[in-house]
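>>> Sequence first, then the predicted structure:
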Amino acid sequence: MSQIGSVSVEISVLLGRSQMPIQQFLRMGRGAVIPLDTGEDDQVWILANNHPIARGDVIIQGDRVAVSITGPADANEFFAAA
């Protein structure tokens, strides 16, 4: 087996960000809603090992949620928004 086949990469999708005091977070219970800094039609960030690699759109197909890749990510833009 090729060594590249044994490399693990964690892929995650960032829908948005939120800042709140830790006390507020700790008071939240089941069903609490955390507001994000993005809108319904905004693109999401696709991360590989927590590094931005692409942008995408969320697609809902029946009871499944998917992400369609729309282009490469601008790492400078990602880290500037943090």
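On my side now, so go ahead. Residues are numbered from 1 along each chain as shown.

>>> From here on, just use CA atoms for contacts and neighbour counts.
Will do.

>>> any idea which element Leu26 lies in?
helix 22-27 (DSSP states H and E).

>>> pLDDT on that helix, on average?
Helix 22-27 carries an average pLDDT of 93.

>>> next one: stretch 36-46
Mean predicted confidence for stretch 36-46 is 90.

>>> Any idea how far that stretch is from the middle of the chain?
8 Å (CA atoms, centre = their mean, to the nearest Å).

>>> returning to what we had before: any idea which helix or strand comes after the helix holding Leu26?
Using DSSP H and E, the first helix or strand after helix 22-27 is strand 44-48.

>>> ok, that next one: who's next to it in the sheet?
Using DSSP bridges, strand 44-48 pairs in its sheet with strand 11-14 (antiparallel), strand 51-61 (antiparallel).

>>> Give the closest residue to the residue most central in space within the chain in space, chain neighbours not counted.
Computing the C-alpha centroid of the chain and ranking residues by CA atoms, centre = their mean puts Leu14 first, at 0.9 Å. Here the nearest residue to Leu14 in space, its sequence neighbours aside, is Trp45; by CA to CA, 6 or more residues apart in numbering that works out to 5.1 Å.

>>> Fine by me, we can end here.
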